[in-house]
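[1] Need a 3D model of the sequence below.
(chains A and B)
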There are 2 protein chains.
Amino acid sequence: MVLYIIGLGLADEKDITVKGLEIVKSCERIYLEAYTSILMVSKEKLEAFYGKEIVIADREMVESEADAIFNNAENVDIAFLVVGDPFGATTHTDLVVRAKERGIKVVSIHNASIMNAIGCCGLQLYNYGQTISIVFFTENWRPDSFYDKIKQNRDLGLHTLCLLDIKVKEQSSENMARGRKIYEPPRYMTVNQAVEQLLEIEEKRGLQVYTPSTIAVGLARIGSEDQSIVAGTMEELLTVDFGGPLHSFVIPGNVHFLEADILRMFAVDKNSFDSNVIVLEH
Amino acid sequence: MVLYIIGLGLADEKDITVKGLEIVKSCERIYLEAYTSILMVSKEKLEAFYGKEIVIADREMVESEADAIFNNAENVDIAFLVVGDPFGATTHTDLVVRAKERGIKVVSIHNASIMNAIGCCGLQLYNYGQTISIVFFTENWRPDSFYDKIKQNRDLGLHTLCLLDIKVKEQSSENMARGRKIYEPPRYMTVNQAVEQLLEIEEKRGLQVYTPSTIAVGLARIGSEDQSIVAGTMEELLTVDFGGPLHSFVIPGNVHFLEADILRMFAVDKNSFDSNVIVLEH
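    Numbers count the residues shown, from 1 in each chain, chains lettered A, B, ... in the order given. Now for the predicted structure:
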């Protein structure tokens, strides 16, 4: 039969496609991937909407117990639900490879993900360079390789989408060392934290890839009714309250005037926006 | 009331989200944008699915008759349907700006577009550089600025998504000069045509940005049941029959071994793939 990898889209239970919903309702078992992103509704709400039970698939299960997911796949259809689009994270790709190696047919049902929905801030998708990820700094681990990628993008005049870290079901190093399966509460990086880390790295590296007065865009809960998009200098964005997760961040490159028209609508301060944005006139 | 810009996704009528469908059914008027992309179903099939009439909005209407679209927007909800995601094309962005200028509330319903669905070929989205567009060459107009962008991407080890030209409701230069509203039949660039043009430009520019033996990926009708993904050298892809539109094309940069595992599944010739692909081992 078929392993369906079904994208749920961005916000709530009704962001699944009509096709996706029909398939979920016809599947024997339903797994929900729950560690590379989060949906803004509970498992229970999804179950009520589907009229079906859902098994939460955490990293451990997907990476080391794929057998359980594939169990009896010769005879029944199985749904593996993913927030966003099926191919947003390496793990899902890996699941596809392993399924195909066992001769299981895999069908993907696409949906929106932050990688294309980010277009809502008005910066055109084809003007983006490489997407980067910003991870939570710790006392001893403050990786800054994203800085070079932002530089590459900005040198080419391109925008940079920054995906912000999510820590779900993580163990403290102490608990991990002692083999205790005790997990920390989930953490989602805010736009403010991302800006703070970015400015710290600029201070350290000093190539003026961006500065506190560089115009950037903070986004939260894209696709939901209370989504938030705010454009402003990085300094301004440090203190904007974006509310609950998930947050994303964009550092524009050169901004086309049509792009600036949209971005300005989201400006925290239109005067500051106009004096700091770099607009291409052609 | 509200102007809803609703993404229809990639293939057929059931790729709309549950939320999108509910909104369409509740709107007073429904427009379908039909010139920057195409859905693989007819207007009639969509109308039957929605139980509503649809007005086709061509480029002329959207760019110069927005008033008709906005008519009575103070009192009724209006749906503007877009293939893929609402923010895939500049024109939709422009429509948002003009609606907001008139004080009309705009809500977007996101969906998959080729910009994120391209992940299905196994190359990770965060390893892509800037997306390029390849337009049909004519006798006198053979623009090649995409060549420099592919070079930039490949110099950085990044993949390049190539969007292939669509000509819908275009006039011949003669008909345009004479003001005759006679339109050419629609044309959709095939992977073969794209490769041909790319190789012609490489021959002309000669920087070895890619060669006939560079591994690339041709894709057709992504998101539909008969989607096609084929990896091979550009020379091999010249003769692969991808069937009907829409086609897309990817020129990989450095390929991670996990990415290669997937890509190899789609190889037209696995030996040729393995001897020509450039794989990063870490």
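
[2] And for A:Val55, the neighbour number?
    13 (other CB atoms under 10 Å in any protein chain shown). In short, each C-beta sits where N, CA and C put it, glycine included.

[3] now A:Ser272
    When neighbours are counted by other CB under 10 Å, A:Ser272 registers 17.

[4] next one: A:Ser26
    When neighbours are counted by other CB under 10 Å, A:Ser26 registers 11.

[5] Quick check: the closest residue to it other than its chain neighbours vs A:Cys27, distance?
    Counting by CB to CB, 6 or more residues apart in numbering or on different chains, A:Ser26 lies nearest to A:Asp77, which is 6.3 Å off, once chain neighbours are set aside. A:Asp77 sits 5 Å away from A:Cys27, going by CB to CB, to the nearest Å.

[6] so what sits against both of those two?
    A:Tyr4 (CB atoms under 8 Å, 6 or more residues apart in numbering or on different chains).

[7] Settle it for me: which of these two has more neighbours?
    Just comparing A:Asp77 and A:Cys27: by other CB under 10 Å the higher neighbour count belongs to A:Cys27, 21 against 18.

[8] how about the residue in the stretch 101-250 of chain A that chain B sits nearest to, what does it touch?
    When scored by CB to the nearest CB, the stretch 101-250 of chain A has A:Gly119 as its residue closest to chain B, at 2.9 Å. Residues near A:Gly119 by CB under 8 Å, 6+ apart: A:125, B:85-88, B:93, B:115.

[9] What is the helix or strand encompassing A:Glu235 packed up against?
    Per DSSP states H and E, A:Glu235 falls inside helix A:234-237. When contacts are defined as 3 or more CB pairs under 8 Å, 6 or more residues apart in numbering or on different chains; DSSP states H and E, helix A:234-237 sits against helix A:191-205, strand A:215-220.

[10] Could you double-check that A:Val76 lies in contact with A:Met1?
    Yes - shown here, A:Val76 and A:Met1 form a contact pair, counting by CB atoms under 8 Å, at 5.6 Å.

[11] how does chain A divide up, domain by domain?
    A:2-112, A:115-275 (the TED database).

[12] now the strands for chain A?
    A:2-7, A:29-33, A:55-57, A:78-82, A:105-109, A:132-134, A:160-164, A:166-167, A:187-188, A:215-220, A:228-233, A:247-251, A:255-256, A:279-280 (DSSP state E).

[13] Each with direction, which strands does the second one pair with?
    The reference is to strand A:29-33. Strand A:29-33 has the following sheet partners, assigned by DSSP bridges: strand A:55-57 (parallel), strand A:78-82 (parallel).

[14] ok, now the first one?
    In the sheet, strand A:2-7 lines up against strand A:78-82 (parallel), strand A:105-109 (parallel) (DSSP bridges).

[15] go on, the last one?
    Neighbouring strands of strand A:279-280 in its sheet, by DSSP bridges, are strand A:255-256 (parallel).

[16] Name the nearest residue to A:Asp226, sequence neighbours excluded.
    A:Gly243 (7.2 Å).

[17] Please apply the same query to A:Glu170.
    Counting by CB to CB, 6+ apart, the residue nearest A:Glu170 is A:Glu184, at 5.1 Å.

[18] do A:Tyr147 as well
    Nearest non-adjacent residue to A:Tyr147 (CB to CB, 6+ apart): A:Ile201, at 5.0 Å.

[19] In terms of pLDDT, where does the closest residue to A:Met40 other than its chain neighbours sit?
    Nearest-residue entry for A:Met40: A:Ala11, 5.1 Å, with adjacent residues in sequence omitted and distances by CB to CB, 6+ apart. As summarised for this prediction, A:Ala11 has a pLDDT of 93.

[20] which residues touch A:Ala11?
    A:Ala11 makes contact with A:39-41, A:221-225, A:227, according to CB under 8 Å, 6+ apart.
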